[in-house]
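Colleague: Sequence and predicted structure below; questions after.
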Amino acid sequence: MTEPSVIVYAIDDDAAVLTGIGRLLRSAGYEAQVFASAEAFFEKVDHEATGCLILDLALPGFDGMQVQQRLVETDSVLPIIFLTGRGDIPTSVRAMKNGAADFCTKPIDDFDLLAAVDQAIQRCELAQRARRERTGIAGRLSTLTARERQVLEHLLSGQRNKQIAAALGTVEKTIKVHRARNMQKMQARSLATLIRQAEHAGIPRKPIGTEPAG
């Protein structure tokens, strides 16, 4: 099976700039998809693709910040490299706070743009890997029974088997069985790995003693 190509998207209403970006990206070996408007981009974008978006800040209709906001709302991990014809510090700060990979001023040197693209793609790959890991953990968590999930939450709080048994109104031997099943279903070779997975999935730690016995 061949590896999927990396796609670098670009949106700019300046045809000359767009043509230049497309040629530069293709000469560097990237698959380049260029658009003169945000609307055209959203019709074609593959949210699962590895890549990044080179985005002009000042666009007619959907402007760059609105494009970024829409991608954030769709939980996209596609990194954005903003291009602007003027230095706008407040806007650049806002863009970076919203997760932009870079904020560059036109005209930009070809080498600098390709360096920014390379860094953005690495960032995309890391984000995709983290998302796949979260999805895998969530899938394994869904296989736990209600009691196994309770035991897991108590393990997160740092309680020992005996303490968990007392809190849940059962015997220590039963807790050991549930703990072993947690390890098996979550594919965790150690308690530390099990706890890391649970925390990565967003399961909060419960203060010891919050679970009533019964």
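Modeller: Good, I have the coordinates. Residues are numbered from 1 along each chain as shown.
Colleague: domain parsing for the protein?
Modeller: The record's domain parsing of the chain by automatic domain parsing lists 7-133, 143-200.
Colleague: Redo these as JSON lines? Include mean pLDDT and mean neighbour count.
Modeller: Bear in mind the C-beta positions are built from the backbone N, C-alpha and C, glycine included. As requested, those are exported to JSON lines (pLDDT from 0 to 100; neighbours: other Cβ atoms under 10 Å):
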{"stretch": "domain 7-133", "mean pLDDT": "91", "mean neighbour count": "17"}
{"stretch": "domain 143-200", "mean pLDDT": "92", "mean neighbour count": "16"}
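Colleague: How about the residue located most distally from the centre of the chain, nearest residue that isn't a chain neighbour?
Modeller: If you look at how far each residue of the chain sits from its centre, by Cα atoms, centre = their mean, the farthest one is Val171, at 41.0 Å. Excluding its sequence neighbours, the residue lying closest to Val171 (Cβ to Cβ, 6 or more residues apart in numbering) is Ala165, at 5.6 Å.
Colleague: which strands and helices sit next to the one helix or strand the one you found maps to?
Modeller: Ala165 is part of helix 161-168, with elements assigned from DSSP states H and E. Contacts defined by 3 or more Cβ pairs under 8 Å, 6 or more residues apart in numbering; DSSP states H and E place helix 161-168 against helix 146-156, helix 172-185.
Colleague: starting at the chain centroid, how far to that helix?
Modeller: Relative to the chain's own centre, helix 161-168 is displaced by 36 Å; criterion: Cα atoms, centre = their mean, to the nearest Å.
Colleague: got it, and stretch 167-175?
Modeller: Centroid separation between stretch 167-175 and its chain, computed with Cα atoms, centre = their mean, is 38 Å.
Colleague: Pull up the distance across that stretch, start to finish.
Modeller: End-to-end distance for stretch 167-175: 11 Å, by Cα to Cα, to the nearest Å.
Colleague: Can you list the residue ranges for strands in this protein?
Modeller: Assignment of strands within the chain using DSSP state E yields the ranges 7-11, 31-35, 51-56, 80-84, 102-105.
Colleague: So what angle separates the directions of the helix holding Ala165 and helix 172-185?
Modeller: Here helix 161-168 runs at an angle of 100 degrees relative to helix 172-185 (axes from the mean of the first three to the mean of the last three Cα atoms, to 10 degrees).
Colleague: Residue nearest the middle of this protein, spatially speaking?
Modeller: Geometric middle of the chain (Cα atoms, centre = their mean) lands on Ala127, at 3.9 Å.
Colleague: Now do the helices in this structure.
Modeller: 15-27, 38-44, 64-73, 89-97, 110-141, 146-156, 161-168, 172-185, 191-200 (DSSP state H).
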